[in-house]
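K.L.:
here is the input, now give the coordinates:
(one chain, ligands or ions: 2)
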Amino acid sequence: MYLEVENIKKSYGEGGSYVQVLRGISTQLREGQMCVILGPSGSGKSTLLNAIGGLDTVDGGSIRVDGKEITGLKPDALSDYRRDSIGFVFQFYHLIPNLTVRENIEVCQYLSPVPLSLAELLETLGLSSHQNKFPAQLSGGQQQRCALARALVKNPRLLLCDEPTGALDSKTAKEILVLLETINQKYKTTMLIVTHNDAIQHMVHKVIQIRDGEIHREYENEHRIPAADLEW
Ligand SMILES: Nc1ncnc2c1ncn2[C@@H]1O[C@H](COP(=O)(O)OP(=O)(O)OP(=O)(O)O)[C@@H](O)[C@H]1O
Ligand SMILES: [Mg+2]
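P.N.:
Ligands and ions are numbered 1, 2, ... in the order given. Predicted coordinates:
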């Protein structure tokens, strides 16, 4: 198994404001699997993704990526893990405001010994003509595509996407999904995609439904629908 999540628990606050956000999540992904996480707003999807990406600590449980335990790593080791293994597309983009589109992506390209071609990514994501703009000069969808390019350019082994198509029209969303599928097939990238878009569940290998910080249901698709054929 490439990703092994075992009984993850996470809470916030104390006393009256105490809330248990993850109540013992366990799941596994094989290398090269694409997986979606579905669930209502506030069910813990981003919290789970942040924990797997080493961006947040958990109260208990274990997360192993490629056989390596992530929970309990010291900050330096954790940042090595993020740099070497993870591509992260944030729900709210988090682009660096005083760097251009191109520079935002380049920063991550330098981190990888095996980066993808920046020019190709810009082209595929329709960003070539925007590459010298700053994030504030972009639409929401363009910022989202820039965030995706930044995560992909490293050619990470594990890609974590929080609502990668949330701000996109359906045509652009489908193009992005086709790109994710192509990258998955070409590089065997393991992918975890949080989404509110129900159509995406048909193109992935595995579906996890979360409710109130627990796995409500999970299953593998016997037959996948290629991203290009999705309908919504
Ligand atoms: N830093 C924090 N402090 C306190 N509570 C938090 C914090 N971060 C998240 N929460 C709470 O944890 C719960 C889960 O949040 P999370 O962001 O994981 O939800 P989500 O499933 O990603 O929702 P959405 O679909 O709206 O993005 C929510 O009730 C939220 O209010
Ligand atoms: Mg979220």
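K.L.:
who in this structure is up against ligand 1?
P.N.:
By the criterion of Cβ under 6 Å from any ligand atom, the positions of the chain lying close to ligand 1 are 12-13, 19, 21, 39, 41-47, 91. Backbone N, C-alpha and C define where each C-beta goes, glycine included.
K.L.:
out of these, the closest to Glu69 would be?
P.N.:
Taking Cβ to Cβ as the measure, Glu69 sits nearest to Thr47 out of the residues of the chain next to ligand 1, at 19.2 Å.
K.L.:
once you drop chain neighbours, what's closest to that closest one?
P.N.:
The spatially closest residue to Thr47, leaving aside those adjacent along the chain, is Val21, at 5.0 Å (Cβ to Cβ, 6 or more residues apart in numbering).
K.L.:
ok, the one helix or strand the one you found maps to: who's next to it in the sheet?
P.N.:
According to DSSP states H and E, Val21 maps onto strand 19-29. The strands beside strand 19-29 in its sheet (DSSP bridges) come out as strand 3-12 (antiparallel).
K.L.:
let me see the mean pLDDT of the strand it pairs with.
P.N.:
Mean pLDDT, taken over the full extent of strand 3-12, equals 97.
K.L.:
what's the spacing between it and its chain's center?
P.N.:
Centre-to-centre, strand 3-12 and its host chain are 17 Å apart (Cα atoms, centre = their mean, to the nearest Å).
K.L.:
show residues contacting it.
P.N.:
Outside of strand 3-12, the residues within contact range by Cβ atoms under 8 Å, 6 or more residues apart in numbering are 18-29, 44, 47-48, 51-52, 56, 58-65, 158, 190, 192, 213.
K.L.:
the longest helix in the chain is where?
P.N.:
With DSSP state H setting the assignment, residue counts place helix 170-187 as the longest helix in the chain.
K.L.:
and for the strand holding Val21, what's in contact with it?
P.N.:
When contacts are taken as Cβ under 8 Å, 6+ apart, the neighbours of strand 19-29 outside the stretch itself are 1-13, 35, 44, 47-48, 51, 58, 61, 190, 192, 206, 208, 210, 212-215, 218.
K.L.:
quick one: the helices in the chain, in order.
P.N.:
Using DSSP H, the helices assigned to the chain run over residues 45-52, 75-85, 101-109, 118-124, 140-152, 170-187.
K.L.:
list the buried residues in the shortest one.
P.N.:
Of the residues in helix 118-124, those scored as buried under the neighbour-count criterion (16 or more other Cβ atoms under 10 Å) are 118, 121-122, 124.
K.L.:
one more: the last one?
P.N.:
Going by neighbour count (16+ other Cβ under 10 Å), the buried part of helix 170-187 is 172-181, 183-184, 187.
K.L.:
so what touches that helix?
P.N.:
Counting by Cβ under 8 Å, 6+ apart, helix 170-187 makes contact with 32, 34, 124-126, 141, 145, 148, 152, 155, 159, 161, 164-165, 168, 189, 191, 193, 197, 200, 203, 226-228, 230, 232, all of which sit outside it.
K.L.:
you'd agree Asp198 is up against Val36?
P.N.:
No - at 9.3 Å, Asp198 does not count as touching Val36 under the criterion of Cβ atoms under 8 Å.
K.L.:
okay, those two: which has more neighbours?
P.N.:
Just comparing Asp198 and Val36: by other Cβ atoms under 10 Å the higher neighbour count belongs to Val36, 24 against 10.
K.L.:
any idea how far Val207 is from that one?
P.N.:
6 Å (Cβ to Cβ, to the nearest Å).
K.L.:
what does Lys9 give?
P.N.:
For Lys9, the distance to Val207 equals 23 Å [Cβ to Cβ].
K.L.:
ok, Leu111 next?
P.N.:
31 Å.
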